[in-house]
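1. Starting from these lines, generate the structure:
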Amino acid sequence: MTSPTATETVTTTGVGGSPQRPDGVRKVRGEFAYASDLWMDGMIWGATLRSPHPFARIRSIDVSQALAVAGVHAVLTADDVPGENRYGLELADQPVLADDTVRYQGEPVALIAADHPEIARQAAKRVRVNYDVWEPVTDARAALGRPTWNMLHDTAAPATKISRQSAHLHPKGNLVRHLKLRKGDPEPTADVVVVGEYEVGMQDQAFLGPESGLAVPAADGGVDLFVATQWLHADQRQMCSALRLPPEKVRLTLSGVGGAFGGREDLSMHVHASLLALHTGKPVKMVYNREESFFGHVHRHPASMRFEHGADRDGRLAYVKAEIYLDGGAYASSTPAVVGNAGTMGIGPYDVDNVAVDAWGVYTNNPPCGAMRGFGSVQAAFAHEAQMDKLAAELGMDPVELRCRNAMREGSTAPTGQLIDSPAPVEELLRRVQALPMPVDRSGELDLRAMPGGVSNTTHGEGVVRGVGYAVAYKNVGFSEGFDDFSTARVRLEIVGGEPVATVHTAAAEVGQGLETVEQQIARTELGVERVVVQAKDTQVGSAGSSSASRQTYVTGGAVKAACEAVRASLFVLVTGPTDLRLEGGQVVSASEGVVSSLAELLGDEIIEDTVQWRHRPTFPVDPDTGQGVAHVQWAFSAHRAVVDVDTELGLVKVVELACVQDVGKALNPPAVVGQIQGGTAQGMGLALMEEIVVADGKIRNPSFTDYLIPTILDMPPMQIEVLEYADPHAPYGLRGVGEPPTISSGPAVVAAIRAATGLPLTRVPVRPEHLTGM
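-> Residues are numbered from 1 along each chain as shown. Okay, here's the model as predicted:
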């Protein structure tokens with residue numbers, strides 16, 4: 001851990017310490033209860049009938065045969081939705097159950113409740129749906145009536161292909177959002193110009209815990225839902241609309257979450273299980289199997305991009321132009337915000353006077369896409385980092401030196417015109433990661449475990465070439481563009497059994513990132529107590545927003561800190577005498593007089609409680625014509641170096657090492673910070689080398705962990721990690737969000753290393769063996 005600024009002494013369990021996670025031991029022992037473990041006496045099971053077609057009109061639905069199956073309690077269709085049959089995070093455009101049209105393969109059409117999950121699944125097969133099947137719209141550019149880039153150079157391409165692909169999927173057309181960003185000279189020139197076209201495949205969040213939940217009908221006519229999710233109050237809002245119930249009758253409680261990474265930000269079985277529970281009067285449990293999970297949540301947006309970089313002979317960037325097309329699939333989800341991120345941060349953490357970026361989010365009949373770790377910046381970073389390497393080669397310059405020459409710093413102006421008003425150590429990150437020791441070259445030793453292909457004995461070193469690549473990236477933290485981003489925390493301080501106890505209650509979802517640990521650390525630091533209880537996450541307290549955008553430690557951490565400060569202020573009112581007070585070790589301490597009182601003596605039977613709604617400084621929508629504006633609250637930066645060995649004959653890649661240097665502002669929990677960097681790096685590497693949902697004609701071809709590959713312990717290399725702590729003066733404790741930047745910079749570094757080893761352009765990820773062998 002490297003700290004360029006002085007740090008205060010911390011306890012092992014407060015801010016800056018490394019306390020044991022409250023869920024850690026149970027998870028390691030297999031004793032932690034996930035949402036799929038939920039159980040209630042008398043519960044029945046729900047199942048979903050999904051469309052086999054990516055685009056079709058529903059002519060009729062016959063549920064009679066399904067209802068006749070013994071053990072079936074209900075079969076519901078769109079006609080049974082009591083409220084609005086539309087929901088969505090940003091745009092309410094997605095049906096709870098398809099009514100007249102299905103727009104993607106796997107869209108829910110009917111629900112079945114039965115005594116046993118297998119009965120429910122078999123009954124679903126007896127629902128008869130009559131479809132008029134249409135040709136799906138599967139290309140994002142063509143969906144807007146534009147030819148693909150390769151068609152621009154193909155004079156034989158039929159015009160009818162465009163017209164079929166541009167059929168309107170929604171009443172207002174196929175455009176979800178267009179972000180237009182313009183900065184500086186509209187017609188810049190440069191001595192050296194490089195142009196590239198790039199593609200990013202559809203990545204899955206690949207969380208291990210499937211979508212699951214238990215809906216329980218309540219005596220007041222409402223419903224209690226226990227569910228694995230990322231955003232309790234957004235779920236509640238959408239459920240209330242569909243169920244036609246007020247918020248006080250739709251109560252959500254977070255169950256154990258087996259990973260999220262953005263894939264649980266949208267509704268899955270929430271409304272479906274609640275509909276079945278309210279209809280049958282029985283608790284209903286729903287759990288997706290792995291294949292259904294691939295159809296039951298959003299994925300990372302595939303992207304096609306064209307970038308143009310111009311620079312002078314010394315490597316100073318004169319301008320960047322970019323066109324970014326993001327395939328949002330059948331429904332909007334969070335596509336508008338993903339477009340915002342891809343556009344406003346689309347050129348990378350570089351100082352550029354002249355910028356022209358256009359980013360489009362588009363409806364197609366491909367699977368819906370939405371939030372995933374990195375959120376728009378991942379796609380753009382693959383392109384802008386490839387361009388920097390391409391430009392360095394054209395200039396005959398070291399790629400790290402080129403990046404450093406153009407590095408953003410504090411005082412720089414972002415492409416949106418916003419001032420970078422906190423540390424932005426981009427050059428330092430690059431210099432430090434470059435200076436880290438290189439892994440030992442063991443090419444003269446025969447160790448199959450270290451070879452591409454591993455112990456499969458595919459090579460003894462012949463045809464194996466080593467390459468080194470670098471990348472740097474940045475990511476906004478929190479919600480942007482004027483979103484009212486806040487969190488609510490309720491903190492109580494009392495004496496229990498003679499011991500001071502703090503209780504923290506927020507609705508911020510613990511999805512495995514360690515948020516509950518951080519909430520405890522903050523309360524210990526601010527209230528000077530050791531025992532901190534974190535209440536169950538539910539909608540009985542105000543919203544905490546989503547566990548996404550690397551925001552919860554910042555925003556909910558800020559709310560917990562503010563609520564603790566309010567409790568502390570109320571406590572100090574009880575003290576007579578000195579005013580220079582602090583809380584430490586369960587005591588009230590005066591800087592001038594020493595220990596004033598123990599908390600037990602001061603509080604007695606009194607309970608002090610406060611609820612605080614906390615906001616970071618505001619952001620604002622960007623100008624629709626120029627993209628200029630104060631769009632973001634904070635940025636976080638990371639840089640990676642990748643070392644790879646490539647078997648150029650078989651197209652196999654072994655990542656030998658990944659090194660990362662990242663600025664986190666303040667490491668509230670150093671081991672958790674390192675864990676986030678490791679995990680984010682693994683996901684970025686996965687996209688670079690193997691992770692892709694293969695979609696053909698709108699249909700998923702690999703909905704399983706047999707065919708959708710993710711990095712395992714055998715794929716993940718050793719990591720050198722260096723953490724910098726340049727405090728952001730605008731953030732609680734000076735912290736920055738941690739989880740997303742390493743996902744953004746790791747993948748481009750891996751591909752850069754493969755390019756260095758092979759000399760191939762590699763303009764698409766994931767990189768496959770055939771891309772390296774030409775076969």
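
2. My read is that Cys564 contacts Val491, right?
-> Yes - at 5.3 Å, Cys564 counts as touching Val491 under the criterion of Cβ atoms under 8 Å. Any C-beta I mention is one placed from the backbone N, CA and C, and that applies to glycine too.

3. Could you name every residue contacting both of these two?
-> 502, 523, 527 (Cβ atoms under 8 Å, 6 or more residues apart in numbering).

4. gap between the last one and Val400?
-> Between Leu527 and Val400 the distance is 46 Å, computed by Cβ to Cβ, to the nearest Å.

5. taking the shared contacts of Cys564 and Val491 one by one, which sit in helices?
-> Counting by DSSP state H, the shared contacts of Cys564 and Val491 place 523, 527 in helices.

6. What is the nearest of the shared contacts of Cys564 and Val491 to Glu510?
-> Ala523 (15.1 Å; Cβ to Cβ).

7. Cys564 and Val491: who's more crowded?
-> Val491 (30 against 27; other Cβ atoms under 10 Å).

8. if we look at the helix or strand where Val176 lies, which residues are touching it?
-> For Val176, the host element (DSSP states H and E) is strand 175-183. For strand 175-183, contacts defined as Cβ under 8 Å, 6+ apart pick out 91, 144, 328, 332, 335-336, 339-340, 342-344, 346, 352-363, 415-417, 622, 624-628.

9. let's go with 6 Å and repeat that
-> 328, 332, 335-336, 339-340, 343, 355-361, 415, 626-627 (Cβ atoms under 6 Å, 6 or more residues apart in numbering).

10. Only the buried subset of these, as a ChimeraX command please.
-> Selecting the buried subset of these in ChimeraX, with 16 or more other Cβ atoms under 10 Å as the burial test, is done by:
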select :328,332,335,336,339,340,343,355,356,357,358,359,360,361,415,627
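
11. Out of the contacts of strand 175-183, which sit inside helices?
-> 335-336, 339-340, 343.

12. Could I get those in JSON lines, plus columns for distance to Pro718?
-> Output for the ones in helices among the contacts of strand 175-183, formatted as JSON lines (distance: Cβ to Cβ, whole Å):
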{"residue": "Thr335", "distance to Pro718": "37"}
{"residue": "Pro336", "distance to Pro718": "40"}
{"residue": "Val339", "distance to Pro718": "37"}
{"residue": "Gly340", "distance to Pro718": "36"}
{"residue": "Gly343", "distance to Pro718": "36"}
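
13. sec struct for Glu291, please.
-> Here Glu291 is recorded as helix under DSSP: H, G, I helix; E, B strand; the rest coil.

14. What confidence value was assigned to the nearest residue to it once chain neighbours are set aside?
-> Sequence neighbours aside, Pro703 is the residue nearest to Glu291 in space, at 4.6 Å (criterion: Cβ to Cβ, 6 or more residues apart in numbering). On the pLDDT scale, Pro703 is placed at 98.

15. Please apply the same query to the one 10 residues further on.
-> Per-residue confidence for Ile713 comes out at a pLDDT of 93.

16. do you know how far it is from Met40?
-> For Ile713, the distance to Met40 - Cβ to Cβ - is 37 Å.
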